[in-house]
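In: With the input below, show me the fold.
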Amino acid sequence: MRRLRRIKILATLGPASSDSATIRKLFEAGADVFRINMSHTPHDKMRELITTIRNVEGSYGRPIGILVDLQGPKLRLGAFAEGAIQINNGETITLDLDPTPGDKTRVQLPHPEILKALRPGHALLIDDGKLRLIAEETSPDHAVVRAVVGGRMSDRKGVSLPDTDLPMSAMTTKDRADLEAALEAGIDWIALSFVQRADDVLEAKKLVRGRAAVMSKIEKPQAIDRLADIMEASDALMVARGDLGVELPVERVPGLQKQMTRMARRAGKPVVVATQMLESMILSPVPTRAEVSDVATAVFEGADAIMLSAESAAGKFPVEAVMTMDRIGEEVERDPTYAGVIASQRPAPEATAGDAIADAARQIAETLDLSAIICWTSSGSTAIRVARERPRPPTVAITPNLATGRRLSLVWGVHCVIAEDAHDQDDMVSRAGRIAFRDGFAKAGQRVIIVAGVPLGTPGTTNMVRIAYVGPDSDADM
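Out: Below is the predicted model of the structure:
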């Protein structure tokens, strides 16, 4: 199951894609990682999906990543006596803590932390930004807000606060229970929703304790202002364009996507571009031309992965959506301008032995036109360093750790193989050549470059490169 593209595909599972046959088809169509959205998935269903994915993984002998996406805090209005009201531009309404059903004059906002943090002039966006309110008077128990963009305000609609720094954790009680259940089930990535600060990520990491990697979803303006700190604390980023486009002017989102993609690449952290990539394929078997261009832009930017949400979870054409993404990725990466665009964005290596070795391996492989870069890696750090360089030759990661292989399924261009650790350097070179030959990355007589850390099996010690000839029983070193 060697992929012919470098960018990876995340497919969200849901009502349209939760049976074994469909999950198998999604993998065959090109899905590298499966996302389980805990906003809609009870624990029993989550465990059932994980079991199914692991069975598919066993059938193909290729590591498959599983990402569990935590819901995060959901801020909502209370209820209205008549189910809804109409608020016109310029009219005011009071938000308070009283659970009595609301009317034209007032409604409950059952979040005291919002009322304590809200200040005059702050915006409140209702129902995914369909209504825009501005706070005029604020206090710890109520706020008077004026409609700038009015409309129908109904029961329990979501509330977004782009100007307000909320003194609350990114994880709710539900998220903590979901996290522990997911970790017990053996997932690979945790996506943390509504991150505002690096402390949100560190809090999650304390609970995870290394059992999974933590991905921060960037969907709030407060996170943009602290992006460098959040990046440092995270294992990966997701550009969550849906909520980001609600809380920020939509015209800012494309530029922020580019900034985050390049910042993540400089930091050597995987980055996922998500939300509404092939939205029309929820109902249509073909995407719009604009959607194809949107996906292609993420590929040209060098993102590690692109994600399908409702398209694969609830749409009528989940397999076709994955196949479409797969074809777009392959075509863009064949484009004559692609290599130049990717190379022009290449960051300078950090002043570490691992980064210097990875950069040197790429240059050697490209200068000598080697067939592949083979990374022996225990923790995955060697393969991630090489992937940061976006080399032209394919990257193969060999690891004895299945958990490492599954996490690397998200990383740009990395084809992961699970194998017993090398006994010594000669064994390492010999088996690297055989695996490259077996999996079709090199033909007999061609050369590959091998990157590893010595002593073998020691995480974080990328310090060695070797060039070797390849054959079915390859053991020739150079």
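In: could you measure the closest residue to Thr458 other than its chain neighbours against Gly158, distance?
Out: Take Thr458 and drop its neighbours on the chain: the residue closest to it by C-beta to C-beta, 6 or more residues apart in numbering is Ser378, 7.1 Å away. Using the backbone N, CA and C atoms, a C-beta is placed for each residue, glycine as well. Ser378 is 43 Å from Gly158, where distance means C-beta to C-beta, to the nearest Å.
In: Among these two, which residue is more densely surrounded?
Out: Neighbour totals were compared for Ser378 and Gly158, and Ser378 leads with 19 against 15 (other C-beta atoms under 10 Å).
In: what residues are up against the more buried one?
Out: Residues near Ser378 by C-beta atoms under 8 Å, 6 or more residues apart in numbering: 399-401, 404, 421, 453, 457-459.
In: for the residue nearest to Thr458, helix, strand, or coil?
Out: Three-state assignment for Ser378 (DSSP: H, G, I helix; E, B strand; the rest coil): coil.
In: per-residue confidence for it?
Out: Model confidence at Ser378, expressed as pLDDT, equals 92.
In: just the one 3 residues further on next, same as before
Out: Confidence at Ser381, expressed as pLDDT, is 93.
In: so where do the strands sit in the stretch 351-478 of the chain?
Out: Using DSSP state E, counting those that start in this stretch, the strands of the stretch 351-478 of the chain run over 373-376, 395-399, 414-418, 447-453, 462-469.
In: out of those strands, deepest packed?
Out: When the strands of the stretch 351-478 of the chain are scored by mean count of other C-beta atoms under 10 Å, the highest mean neighbour count falls to strand 373-376 (a mean of 31).
In: so what secondary structure elements neighbour that one?
Out: On a contact count with 3 or more C-beta pairs under 8 Å, 6 or more residues apart in numbering; DSSP states H and E, strand 373-376 meets helix 353-367, helix 381-388, strand 395-399, helix 425-438, strand 447-453.
In: Parallel or antiparallel, which strands does the last one pair with?
Out: Under the criterion DSSP bridges, strand 447-453 sits next to strand 373-376 (parallel), strand 462-469 (antiparallel) in its sheet.
In: tilt between it and helix 381-388?
Out: Using axes from the mean of the first three to the mean of the last three C-alpha atoms, to 10 degrees, the inter-axis angle of strand 447-453 relative to helix 381-388 is 130 degrees.
In: Helix or strand next in line after the helix or strand encompassing Val68, which one?
Out: Element membership for Val68, per DSSP states H and E: strand 65-69. As assigned by DSSP H and E, the chain's next helix or strand after strand 65-69 is strand 84-87.
In: Check the offset of that next one from the chain's centre.
Out: Centroid separation for strand 84-87 versus its chain: 37 Å, with C-alpha atoms, centre = their mean, to the nearest Å.
In: List the buried residues in the next helix or strand after that strand.
Out: Downstream of strand 84-87, the first helix or strand assigned by DSSP H and E is strand 92-96. Counting neighbours by 16 or more other C-beta atoms under 10 Å, one finds that the buried residues in strand 92-96 are 93, 95-96.
In: wait, which of those residues is closest to Leu248?
Out: Each of these was scored against Leu248 by C-beta to C-beta, and Leu95 proved nearest at 22.5 Å.
In: from memory the closest one sits against Arg146, does it?
Out: No. Using C-beta atoms under 8 Å as the test, Leu95 is too far from Arg146 to be in contact (11.6 Å).
In: and the strands of the stretch 351-478 of the chain as TSV, adding distance to Gly340?
Out: TSV is the format used below for the strands of the stretch 351-478 of the chain (distance: least, C-beta to C-beta, whole Å):
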stretch	distance to Gly340
strand 373-376	20
strand 395-399	19
strand 414-418	22
strand 447-453	22
strand 462-469	25
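In: got the strands paired with strand 447-453 as JSON lines, with distance to Leu410 columns?
Out: Converted to JSON lines, the strands paired with strand 447-453 look like this (distance: least, C-beta to C-beta, whole Å):
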{"stretch": "strand 373-376", "distance to Leu410": "15"}
{"stretch": "strand 462-469", "distance to Leu410": "19"}
